[in-house]
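Colleague: Sequence and predicted model, in that order:
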Amino acid sequence: MKVLLTAINAKYIHSNLAILYLKAYAKKYNEHIELLEVTINNEMDYILSEIYKKKPDVIAFSSYIWNIGMIMELSKEIRKVLPNTKIWLGGPEVSYNAAELLKKNPFLDGIMIGEGEVTFHELLDYYVEKSTSLDRIRGIAFRLEDENIKVTAPREPMNLSDVPFPYENMEEFKNKIIYYETSRGCPYSCSYCLSSIEKKVRLRDISLVEKELGIFLANKIPQVKFVDRTFNCNRKHALAIWNYIKEHDNGITNFHFEISADILSEEELNLLNTLRKGLIQLEIGVQSTNPKTIEAINRKMDFSKLAKIVDRIEEGNNIHQHLDLIVGLPYEDYKTFQKSFNEVYALRPNQLQLGFLKILKGSEMYYYSKKNTIIYRESAPYEVLYTDWITFDEVLQLKDVEEMVEVYYNSGQFTYTIQYLEHFFATPFDLYKSLGDYYEENSLFHLSHSRISRYYILLEYCNNKSIGDQKVLEELLIYDLYLRENLKSRPDFAKDNLVNRDLYRGFYQNEELVKQYLTGYEDYSSKQISRVTHMESFDYDLNEAIHHGKTVKKESIVLFDYNNREPLNHDAKTIIFAREEL
């Protein structure tokens, strides 16, 4: 008997925690279980051939909104080439309307509903040992011999501490993001979210958590993403974990948490401010700053309090903050969304993500949409098209804004040029809207762009719209470029670098100067140091341009140090000299 647990992930660097949990809990049957992880970017033919070569007796897919379409297409073809293979689905995308899915899709044999560890183990009791019957297994829907569908009683939530640690061989996950879970359920009732269905929060025993975190730290895993829906909903639990990773910090591993910022206590904030720079990332869902919208989605959030806490964390300059907004929520029109955008943008998060409302089956928003005008796509990911408050035209405009924010803000590749450009617009939203309009007018959205081409486009846009001073813009773009990498070839708009050879050699061959301004180069020769650093001359006062939008002549030389980067944004460390200092 061969059972194939299959995950179709969004990206190669992702790992699928769900199938790892199923395999770990069904350890008794591990000789019968194989895992297959592919991505939505793989060709359908490739995935089908990989499955066919393994010739499983049972195949189970981990199903989400981003992969359900591909899973259904694959399952149809699997039924043709492997007619005797039993095809099962599980996961949030199929748990709500399992019976209906089986009726509509005769090539499927069954669906695991809700939490899957115990259910999957009992399915293997049935398939491998024949020690039970399907109708005795809780939490499944399956097809009877007469083609009728049977749905069994719901599965009771399990003790989260009974789930085994899923990462047996850390070498297998060397180049992947590790996903980790210490709680299930959420105490909040946000209407767009499935996690709110389970109100009771179950916690994994902290002694187990600390032991498992120790394994990640000992193996120097680059990043561990906690999938807990509101990590800090239990203050004692959150503090214990943050204290543990602080005390056992290996200087390498980074931890990502989704939190509710406005419930952070003074004790938590004080602790967060003591963490190593870059040790943790915080993802904070704002969704909207419109009070009427917040009330309509059953969300408990005090934005003024949240803003103060985000500012407080930012003052520590040690934590990457990622803030989210959602387009298409009730009572959020185009104008109020602009306000939400500008208010959140003013907090200067490291990343600002614009999401578009997805109507998840079984969520409260799913039922709300039937009584109100919230029109969304019929197929996954069920994304909003328009509502009573926002038109499809406006949604499309916000799609353009979203892409411009991704390219020119979230990438971190245009930080100081964008800060300069903000001075020429009434609001930040107006800047990204104007950029989006330019891309649309010039048919740039659907072209493939290299990194450097984005700099040329931004410069052309500014020249075309007569925004800012061209010479200042060129210098800021060069500054942003060199912050990220030591360029092998300079763009056409870069002026000649006026750091002459004598000045250049004078710095690198002066041990005292090198020691004063650069750290960690004790064993490097002057030639080696020059290869991992760069000196660039500037004619304008970049600080005046960035902070005040002014054009002020002031010569300076900037030294970019690529061996010493900022942990939060990976920019090269910079040292600014007046020419006479060298």
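Modeller: Noted; the coordinates are in hand.

Colleague: From here on, just use CA atoms for contacts and neighbour counts.
Modeller: OK.

Colleague: Let me know the distance separating the residue lying farthest from the centre of the chain from Q509.
Modeller: The centre of the chain is farthest from one residue, D502, which by C-alpha atoms, centre = their mean lies 46.6 Å away. D502 sits 10 Å away from Q509, taking C-alpha to C-alpha, to the nearest Å as the criterion.

Colleague: ok, now H248?
Modeller: For H248, the distance to Q509 (C-alpha to C-alpha) stands at 40 Å.

Colleague: Now tell me what touches stretch 286-295 from outside.
Modeller: By C-alpha atoms under 8 Å, 6 or more residues apart in numbering, the residues outside stretch 286-295 that reach it are 300-301, 303, 323-326, 329-332, 336-337, 339-340, 343.

Colleague: Report the rounded mean pLDDT for it.
Modeller: When pLDDT is averaged along stretch 286-295, the result is 97.

Colleague: In that stretch, which residues are buried?
Modeller: In terms of neighbour count (16 or more other C-alpha atoms under 10 Å), stretch 286-295 has its buried residues at 286-290, 293-294.

Colleague: follow-up on the earlier one: so which of the contacts of stretch 286-295 wins on neighbours?
Modeller: Neighbour counts for the contacts of stretch 286-295, by other C-alpha atoms under 10 Å, peak at L329, which reaches 27 neighbours.

Colleague: would a markdown table of the buried residues of stretch 286-295 with secondary structure and distance to L487 be doable?
Modeller: A markdown table is the format used below for the buried residues of stretch 286-295 (DSSP: H, G, I helix; E, B strand; the rest coil; distance: C-alpha to C-alpha, whole Å):
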| residue | secondary structure | distance to L487 |
| --- | --- | --- |
| V286 | strand | 38 |
| Q287 | strand | 38 |
| S288 | coil | 40 |
| T289 | coil | 41 |
| N290 | coil | 44 |
| T293 | helix | 46 |
| I294 | helix | 46 |
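
Colleague: Return the member of these nearest to S191.
Modeller: Set against S191, the nearest of the buried residues of stretch 286-295 by C-alpha to C-alpha is I294 (10.1 Å).

Colleague: And the furthest pair within the buried residues of stretch 286-295?
Modeller: Going by C-alpha to C-alpha, the pair spanning those furthest: V286 and T293, at 11.3 Å.

Colleague: So, low pLDDT: which residues of the stretch 51-200 of the chain?
Modeller: Residue ranges of the stretch 51-200 of the chain with pLDDT under 70: 196.

Colleague: ok, Y126 - how many residues close by?
Modeller: Count around Y126 with other C-alpha under 10 Å applied: 16.

Colleague: part of a strand, is it?
Modeller: No. If the criterion is DSSP: H, G, I helix; E, B strand; the rest coil, then Y126 is helix and not within a strand.

Colleague: if I pick it, what's in contact with it?
Modeller: By C-alpha under 8 Å, 6+ apart, Y126 lies in contact with 132-134.

Colleague: Mind doing that once more with 10 Å?
Modeller: 120, 132-134, 136-137 (C-alpha atoms under 10 Å, 6 or more residues apart in numbering).

Colleague: now do Y438
Modeller: Going by C-alpha under 10 Å, 6+ apart, Y438 touches 432, 444-445, 457-458, 460-461, 464-465.

Colleague: Closest to V128 out of those?
Modeller: Closest approach to V128 among those (C-alpha to C-alpha): F445, at 52.3 Å.

Colleague: Please dump the buried residues of stretch 286-295 into JSON lines; it should also carry distance to Y29 for every row.
Modeller: Formatted as JSON lines, these follow (distance: C-alpha to C-alpha, whole Å):
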{"residue": "V286", "distance to Y29": "44"}
{"residue": "Q287", "distance to Y29": "43"}
{"residue": "S288", "distance to Y29": "47"}
{"residue": "T289", "distance to Y29": "50"}
{"residue": "N290", "distance to Y29": "52"}
{"residue": "T293", "distance to Y29": "49"}
{"residue": "I294", "distance to Y29": "47"}
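
Colleague: how about the helices of the stretch 351-500 of the chain, start to end?
Modeller: Applying DSSP state H, counting those that start in this stretch to the stretch 351-500 of the chain gives helices spanning 364-371, 392-405, 415-421, 428-441, 451-465, 470-484.

Colleague: looking at the ones you listed, which is closest to K11?
Modeller: helix 392-405 (18.9 Å).

Colleague: for that closest one, packing partners?
Modeller: Contacts defined by 3 or more C-alpha pairs under 10 Å, 6 or more residues apart in numbering; DSSP states H and E place helix 392-405 against strand 320-327, helix 334-345, strand 351-356, strand 384-387, helix 428-441.

Colleague: any chance of these in a markdown table, plus distance to R229 and mean pLDDT?
Modeller: A markdown table is the format used below for those (distance: least, C-alpha to C-alpha, whole Å; pLDDT from 0 to 100):
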| stretch | distance to R229 | mean pLDDT |
| --- | --- | --- |
| strand 320-327 | 14 | 98 |
| helix 334-345 | 21 | 99 |
| strand 351-356 | 17 | 98 |
| strand 384-387 | 22 | 98 |
| helix 428-441 | 29 | 98 |
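
Colleague: Can you say which of the ones you listed is nearest to L513?
Modeller: strand 320-327 (32.5 Å).

Colleague: list the helices and strands that closest one packs on?
Modeller: strand 254-259, strand 280-287, helix 303-316, helix 334-345, strand 351-356, helix 392-405.

Colleague: Give me whichever of the ones you listed is most buried.
Modeller: Of those, the one with the most neighbours on average (mean count of other C-alpha atoms under 10 Å) is strand 280-287, at a mean of 22.

Colleague: partners of it in the sheet?
Modeller: strand 254-259 (parallel), strand 320-327 (parallel) (DSSP bridges).

Colleague: could I get those as CSV with distance to N105?
Modeller: Shown next, in CSV, are these (distance: least, C-alpha to C-alpha, whole Å):
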stretch, distance to N105
strand 254-259, 36
strand 320-327, 32
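
Colleague: quick one: contacts for E378?
Modeller: So E378 contacts 359, 384 (C-alpha under 10 Å, 6+ apart).

Colleague: Tell me, how many residues neighbour F538?
Modeller: F538 has 21 nearby residues by other C-alpha under 10 Å.

Colleague: which stretch of helix or strand covers it?
Modeller: Assigned by DSSP states H and E, F538 belongs to strand 533-540.

Colleague: Next up, the contacts around K305.
Modeller: Contact partners of K305, counting by C-alpha under 10 Å, 6+ apart, are 261-264, 311.

Colleague: Of those residues, which is the most crowded?
Modeller: That'd be A261 among the contacts of K305, by other C-alpha under 10 Å, with 25 neighbours.

Colleague: list the contacts for it?
Modeller: Listed by C-alpha under 10 Å, 6+ apart, the contact set of A261 reads 230, 232, 269, 282-286, 301-303, 305-310, 313.

Colleague: 8 Å instead?
Modeller: By C-alpha under 8 Å, 6+ apart, A261 lies in contact with 284, 306, 309-310.

Colleague: farthest-separated two in the residues you listed?
Modeller: Greatest spatial distance among the contacts of A261 (C-alpha to C-alpha): I284 and I309, at 11.0 Å.

Colleague: can I get the helices and strands packed on strand 320-327 in TSV with distance to K211?
Modeller: Shown next, in TSV, are the helices and strands packed on strand 320-327 (distance: least, C-alpha to C-alpha, whole Å):
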stretch	distance to K211
strand 254-259	16
strand 280-287	19
helix 303-316	28
helix 334-345	37
strand 351-356	31
helix 392-405	39
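
Colleague: Model confidence score at T391, please.
Modeller: pLDDT, T391: 98.

Colleague: residues contacting it?
Modeller: Listed by C-alpha under 8 Å, 6+ apart, the contact partners of T391 are L385.

Colleague: Run a quick neighbour tally on S207.
Modeller: S207, neighbours per other C-alpha under 10 Å, totals 11.
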